[in-house]
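In: What shape does this take:
(one chain, ligands or ions: 2)
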Amino acid sequence: MNDAKTDLKSLLKDPSLLETRGYIGGKWVEGDDGTFDVTNPARGDVIAQVADLSRAQVGEAIAVAEKAQKDWASWTGKERAACLRKWFDLMMENQDDLGIILTAEQGKPLAEAKGEVAYGASFIEFFGEEAKRIYGETIPGHQRDKRITVLKQPIGVAASITPWNFPNAMITRKAAPALAAGCSFVARPAAETPLSAIVMGVLAERAGIPAGVFNVVPSSSSSAVGKEFCENPAVRKLTFTGSTEVGRILLKQAADQVMKCSMELGGNAPFIVFDDADLDAAVEGAIMCKFRNNGQTCVCANRIYVQAGVYDTFAEKLRARVEKMKVGDGLEEGTDLGPLINAEASDKVQEHIKDAVEHGAKVILGNGEDDMRGNFFGPTIVTGVTQEMKVAQEETFGPFAPLFKFEDEDEVIAMANDTIFGLASYFYAKDLSRVYKVAEALEYGIVGVNTGIISTEVAPFGGVKQSGLGREGSHHGIEDFLEMKYICMSV
Ligand SMILES: NC(=O)C1=CN([C@@H]2O[C@H](COP(=O)(O)OP(=O)(O)OC[C@H]3O[C@@H](n4cnc5c(N)ncnc54)[C@H](OP(=O)(O)O)[C@@H]3O)[C@@H](O)[C@H]2O)C=CC1
Ligand SMILES: O=C(O)[C@H](O)CS(=O)(=O)O
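Out: Ligands and ions are numbered 1, 2, ... in the order given. Prediction:
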């Protein structure tokens, strides 16, 4: 951790983007519970004191959102699309500043942060266009005097709880389809990274999104807000991204209201390299997949399986490339890997490495602790990893690349599927029949073939098994914010 202090306002072209209050019904509000600190994970210094909204204030936001939603739903799809397009344009015009704010509170290198802003904005652009295409249908009557119509209508007030690892894109990936559908939205960002959510309120206001349609309720108490979202009858949709553990808590809480839920939860992605793979491409894919956001994404390669015939060559190629990666402050030029979000995250990575080594694995790169202080952690590669080790069953969420060896397709498919998770999976191979067989056999919502990066707004992102419910992105993504109404008319 370096000792520099982060004077965030001085880094921004438009300092007015650095807002620290909550945004309810078009008004900027202080927190009834005071403020909470937001720190820069690279430096440990406090970069902002953010309004700490109470559960009662969250209730007020829901009430305001319920009222505003009625009028918002009466707008045409084209009118909503125009607002979302303006929101998108403002994000891209302010991409640099939004990236700086994101790096300052989350730690990822500035280039990645700006990339996240563009990725987040792409959902607003995409669903702005989808707003014009929310079609119903007519169905031939079941009796001569019956006429059947099906309408698609917005579900109402949607509430979101989002994690710290993608503090911009996880909100826009939910708010964009919600607003496009005619819903109103109450966003509760992670306490570690609220600034990126709040600035979306600043831009929503500038885009002319009506007061109460998009609200941001920063709070240090996640469980109290979660309970308000789940117990308030005005909330008809809960959309969550985060760990499976918290997803289970929220699903149980939401059950009392029979609330419609979308869950984007934990992952444990296998990354498989077959002996007919392009090894150089597989190494580059593994680096992007494993070390994006310093391994802090739910779709990162958590287990790297390499076929026996190419294991040593792949391991050495990977080591030689990764040792060149620079660990440092995300705001500084040339940084490839920023800090982890906090000390607990470092402890979890260290625990997985220690467990693997204690059970016979061998470190070929890294020492489990970087020479910098605080949340920095050097990229670590270990060989000789087996299914019995913790990293095979638990998500590391950090820069630890464990290499497993396998002999044949059946063996690696069985190992890859041996998990409660089912979000993303990846493999590198050239043989066409192998590609079809393996892609169909992997029990995951997402399969990357000869690529380590699968994230895009045009495709349905989501998991099976205990990695979640529902899909975000693609034309499917708007369905979760719509209700289908069947009208049977006697003529
Ligand atoms: N499938 C996906 O797309 C993604 C999945 N994840 C998964 O999430 C984990 C890492 O992210 P992390 O943020 O630590 O996950 P957490 O599940 O701990 O937190 C996610 C969000 O939930 C909030 N939260 C925590 N407990 C409760 C509760 N009882 N009621 C309501 N809200 C609560 C947190 O608030 P606060 O932080 O303020 O406590 C945060 O805003 C990993 O397992 C990762 O795989 C992460 C990102 C994407
Ligand atoms: O939070 C995450 O890990 C994201 O869902 C991953 S991605 O969509 O940015 O790839």
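In: what does the stretch 351-491 of the chain have sitting close to ligand 2?
Out: With CB under 6 Å from any ligand atom as the criterion, the stretch 351-491 of the chain comes near ligand 2 at residues 455, 461. From N, CA and C alone the C-beta is placed, and that goes for glycine too.
In: any low-confidence regions in the stretch 351-491 of the chain?
Out: Where the stretch 351-491 of the chain drops to pLDDT under 70, the residues are 368-373.
In: Provide the contact partners of stretch 140-158 at residue level.
Out: 62, 65-66, 69, 73, 134-139, 174, 178, 181-186, 234-239, 260, 481-491 (CB atoms under 8 Å, 6 or more residues apart in numbering).
In: now, which of the residues you listed lie within helices?
Out: 62, 65, 66, 69, 73, 174, 178, 181 (DSSP state H).
In: Can you tell me which of those lies closest to ligand 1?
Out: When those are ranked by distance to ligand 1 (CB to the nearest ligand atom), residue 174 comes first, at 10.7 Å.
In: And the ones in helices among the contacts of stretch 140-158, which is closest to ligand 2?
Out: residue 174 (11.0 Å).
In: What's the local residue count around residue 12?
Out: Other residues within reach of residue 12 by the criterion other CB atoms under 10 Å amount to 18.
In: Over to residue 414?
Out: The number of residues packed near residue 414 is 12, by other CB under 10 Å.
In: isn't there a helix covering it?
Out: Yes. Counting by DSSP: H, G, I helix; E, B strand; the rest coil, residue 414 is found in a helix.
In: That one: what's it in contact with?
Out: By CB under 8 Å, 6+ apart, the contact list for residue 414 is empty.
In: Compare the ones in helices among the contacts of stretch 140-158 and tell me which has the most neighbours.
Out: Most neighbours among those, by other CB under 10 Å: residue 178, with 31 neighbours.
In: What residues does that residue make contact with?
Out: Taking CB under 8 Å, 6+ apart as the contact definition, residue 178 lies against 158, 184, 185, 237, 239, 481.
In: Looks to me like the first one is in a strand.
Out: To tie it back to what came earlier, the one meant is residue 158. Yes. According to three-state DSSP, residue 158 belongs to a strand.
In: How about residues contacting stretch 23-31?
Out: Taking CB under 8 Å, 6+ apart as the rule, stretch 23-31 contacts 19, 21-22, 50-54, 57, 60-61, 64, 68, 198, 201-202, 204-205, 210-212, 214-219.
In: Narrow the residues you listed to those that are buried.
Out: Among these, those classed as buried by 16 or more other CB atoms under 10 Å are 19, 21-22, 50-54, 57, 60-61, 64, 68, 198, 201-202, 204-205, 210-212, 214-219.
In: Now, those that are in helices?
Out: Counting by DSSP H, the buried ones among the contacts of stretch 23-31 place 57, 60, 61, 64, 68, 198, 201, 202, 204, 205 in helices.
In: Spatially nearest residue to the second one (excluding sequence neighbours)?
Out: Counting by CB to CB, 6 or more residues apart in numbering, residue 60 lies nearest to residue 24, which is 6.1 Å off, once chain neighbours are set aside.
In: Pop out the phi and psi values for that neighbour.
Out: According to degrees, to the nearest 10, the main-chain angles of residue 24 amount to phi -130, psi 120.
In: Can you check the pLDDT for it?
Out: On pLDDT, residue 24 comes in at 99.
In: so what's it bridging to?
Out: residue 27 (DSSP bridges).
In: distance of it from ligand 2?
Out: 26 Å (CB to the nearest ligand atom, to the nearest Å).
In: Pull up the residues of the chain that are close to ligand 2.
Out: Contact residues (CB under 6 Å from any ligand atom) of the chain with ligand 2: 165, 166, 169, 170, 241, 297, 298, 299, 455, 461.
In: and the first one, what is it in contact with?
Out: When you say that, I think you mean residue 165. Residue 165 sits next to 106, 293, 296, 297, 298, 341 when contact means CB under 8 Å, 6+ apart.
In: among the residues you listed, which two are most distant?
Out: Within the contacts of residue 165, 106 and 298 form the most distant pair, 14.9 Å apart (CB to CB).
In: okay if I get the ones in helices among the buried ones among the contacts of stretch 23-31 as TSV plus pLDDT?
Out: Formatted as TSV, those follow (pLDDT from 0 to 100):
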residue	pLDDT
57	98
60	98
61	99
64	98
68	98
198	99
201	98
202	99
204	98
205	98
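In: and which of the residues you listed is nearest residue 399?
Out: Checking those against residue 399 by CB to CB gives residue 198 as the nearest, at 29.0 Å.
In: Who does the closest residue to residue 65 other than its chain neighbours form a beta bridge with?
Out: Excluding the flanking residues, the one nearest residue 65 by CB to CB, 6+ apart is residue 184, at 4.0 Å. Residue 184 forms beta bridges with residue 157, as assigned by DSSP bridges.
In: List the residues that contact residue 230.
Out: Taking CB under 8 Å, 6+ apart as the criterion, residue 230 is in contact with 238, 250, 253, 254, 256, 257, 259.
In: where's it relative to residue 149, distance?
Out: Here residue 230 is placed at a distance of 33 Å from residue 149 (CB to CB, to the nearest Å).
In: picking that back up, compare the residues of the chain next to ligand 2 and tell me which has the most neighbours.
Out: Highest neighbour count within the residues of the chain next to ligand 2, by other CB under 10 Å: residue 170, with 31 neighbours.
In: Need the three-state assignment for that one.
Out: Using three-state DSSP, the structure places residue 170 in helix.
In: quick one: contacts for it?
Out: If you count contacts by CB under 8 Å, 6+ apart, residue 170 has them with 162, 163, 241, 264.
In: what does this structure put close to ligand 1?
Out: The chain comes close to ligand 1 at residues 161-165, 190-192, 222-223, 226, 241-243, 246, 249-250, 264-267, 298, 395, 397, 423, 468, as judged by CB under 6 Å from any ligand atom.
In: Take those and keep only those in helices.
Out: Using DSSP H, the residues of the chain next to ligand 1 in helices are 222, 223, 226, 246, 249, 250.
In: just the ones in helices among the buried ones among the contacts of stretch 23-31 now: which is nearest residue 272?
Out: Nearest to residue 272 among those, counting by CB to CB, is residue 198 at 40.7 Å.
In: Would you check that the closest one makes contact with residue 48?
Out: No. With contact defined as CB atoms under 8 Å, residue 198 does not reach residue 48; the gap is 9.3 Å.
In: can you list residues touching both of the two?
Out: In the contact map built from CB under 8 Å, 6+ apart, the residues linked to both residue 198 and residue 48 are residue 20.
In: what about the residue sitting nearest the centre point of the chain, distance to residue 188?
Out: Centroid-nearest residue in the chain, with CA atoms, centre = their mean: residue 170, separated by 4.4 Å. Going from residue 170 to residue 188 by CB to CB gives 12 Å.
In: For ligand 2, what's the nearest residue on the stretch 51-200 of the chain?
Out: Closest point on the stretch 51-200 of the chain to ligand 2, by CB to the nearest ligand atom, is residue 166, at 4.4 Å.
In: Not counting sequence-adjacent ones, nearest residue to that residue?
Out: In space, and not counting its chain neighbours, residue 166 is closest to residue 116: 5.9 Å by CB to CB, 6+ apart.
In: Mind giving me the packing neighbours of the host helix or strand of that neighbour?
Out: Using DSSP states H and E, residue 116 sits within helix 110-130. When contacts are defined as 3 or more CB pairs under 8 Å, 6 or more residues apart in numbering; DSSP states H and E, helix 110-130 packs onto helix 77-93, helix 95-106, helix 169-181.
In: and the first one with helix 110-130, angle?
Out: Which is helix 77-93. Taking axes from the mean of the first three to the mean of the last three CA atoms, to 10 degrees, one finds helix 77-93 and helix 110-130 inclined to each other by 170 degrees.
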